[in-house]
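> Quick one, what's the 3D model for this:
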Amino acid sequence: YKKSRHLDLTKQINQAQIEDFPPRIMEHPSDLIVSKGEPATLNCKAEGRPTPTVEWYKDGERVETDKDDQRSHRMLLQGGSLFFLRIVHGRRSKPDEGSYVCVARNYLGEAVSRNASLEVACECGMAILLDLRVWRTFKCMQHGFGGFLGKTWFGG
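Okay, here's the model as predicted:
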C-alpha cells in the first residue's frame, strides 16, 4: 500500500508540473524612435503551455512577416520579437510607423501586450538661403525709463 501511494503521489506531482496554462506576456515592447533605413526590434516574450503562437498587429491590422512573405523586411523572431531589417518610410507611405501590439495565443486563450509606438526620426535639415543684397528693416519698441536709445546693426 505504501509503494502504491508513493507512486500515486509522484504521478500527481508530475501531472501538476506539466499542466497546460494560458499565455501571458513576460516582456512587453517599448516605444521606439528609429532612423529611416536602420534596423529595429520590438521585443515581446510570452509563455504558456502549450507554447503560444505570437502575432503582431500595427494600428489594429495584422503585420505581415517573413513567415507570410519571404521578401518581407519584417521578421518574426523565435522568441516572439518583431525584427525590422530596415525601417521603411517615405513621403507618401509610412508602412512601419504606428502603434504595435503583440498577441500570444494557445488553445486556452490569448494575452495582449501593451501598445508600443514606432516613430521614424525626423531628418530635420533646413537650408535657409538669404539674398544678402536685400535690406531688412526691423521696427523695435523700447520700454523703460530715460531717453531714446538708438541701435544700428551691420552685417549679415
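
> correct me, but residue 41 touches residue 84?
Yes - shown here, residue 41 and residue 84 form a contact pair, counting by Cβ atoms under 8 Å, at 7.3 Å. Every C-beta, even on glycine, is put in place using the N, C-alpha and C of the backbone.

> So the two - more neighbours on which side?
Applying other Cβ atoms under 10 Å to residue 41 and residue 84 shows that residue 84 carries more neighbours, namely 20 against 15.

> what's the distance between the spatially closest residue to residue 27 that is not a sequence neighbour and residue 61?
Leaving aside its chain neighbours, residue 27 sits nearest to residue 45 (3.8 Å; criterion: Cβ to Cβ, 6 or more residues apart in numbering). Residue 45 sits at a distance of 23 Å from residue 61 (criterion: Cβ to Cβ, to the nearest Å).

> Who has more neighbours out of those two?
Ranked by neighbour count (other Cβ under 10 Å), residue 45 and residue 61 place residue 45 first, with 17 against 9.

> Quickly list what residue 47 is bridged to.
Beta bridges link residue 47 to residue 24 when assigned by DSSP bridges.

> Report how many residues lie close to it.
Around residue 47 there are 16 other residues, counting by other Cβ under 10 Å.

> And residue 105, by the same measure?
Number of residues near residue 105 (other Cβ under 10 Å) recorded here: 17.

> Residue 95 too?
Burial of residue 95 is recorded as 14 neighbouring residues (other Cβ under 10 Å).

> Just give the number of residues close to the residue lying closest to it once chain neighbours are set aside.
Closest residue in space to residue 95, ignoring its immediate chain neighbours: residue 88 at 5.3 Å, by Cβ to Cβ, 6+ apart. Residue 88 has 16 neighbours, counted by other Cβ under 10 Å.
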